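1. after the sequence you'll find the predicted model.
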Amino acid sequence: MKKRGATDSKGNKNQQEKSKKDEENKLELAPLDDDSHNQGFGEWLRSSDGVDMMRLFVLANSLVVFVTMAWPNMQEAVNIIRDMFMGEEE
């Protein structure tokens, strides 16, 4: 096994400090509250039209998921009702 010397621990500390500084610089470059970066889809989505369309999307998506999951059971129920009224086809 390799023994760690005093230089290894100093090198690791320097690398850790350097990576922390790099992360802080990256965070400083991209402010989230700046209005110049808050344009396009995000701004439209926060508007009243965007909220209404999102509600419509959620409703339509829920309906599609429900019909997709329930389709086999609905088809079976329709077949049973049709057989009751029209008689079984053989």
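-> That came through fine. Just so we're clear, the structure is a prediction, and the values are computed from it rather than from any experiment. Numbers count the residues shown, from 1 in each chain.

2. where does the protein have low pLDDT?
-> The model of the chain has pLDDT under 70 over residues 1-11, 24-38, 89-90.

3. residue boundaries of the strands in it?
-> Shown for the chain, no strands are assigned by DSSP state E.

4. longest helix in it, please.
-> Looking across the chain with DSSP state H, the single longest helix is helix 48-86.

5. what helices or strands is it leaning on?
-> Packing partners of helix 48-86 (3 or more Cβ pairs under 8 Å, 6 or more residues apart in numbering; DSSP states H and E): helix 41-46. Heads up, the C-betas are built off the backbone N, CA and C, glycines and all.

6. for the helix it packs on, buried residues please.
-> For helix 41-46, a neighbour-count test (16 or more other Cβ atoms under 10 Å) marks nothing as buried.

7. show me the contact partners of that helix.
-> 50-51, 54 (Cβ atoms under 8 Å, 6 or more residues apart in numbering).

8. kindly format the C-alpha coordinates of that helix as PDB.
-> Provided in PDB are the C-alpha atoms of helix 41-46 (Å, rounded to 0.1, in the frame of the first residue of the first chain):
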ATOM      1  CA  PHE A  41     -42.000  29.900 -23.400                       C
ATOM      2  CA  GLY A  42     -41.500  30.500 -19.600                       C
ATOM      3  CA  GLU A  43     -43.000  34.000 -19.800                       C
ATOM      4  CA  TRP A  44     -45.900  32.800 -21.900                       C
ATOM      5  CA  LEU A  45     -46.500  29.900 -19.500                       C
ATOM      6  CA  ARG A  46     -46.800  32.300 -16.600                       C
END
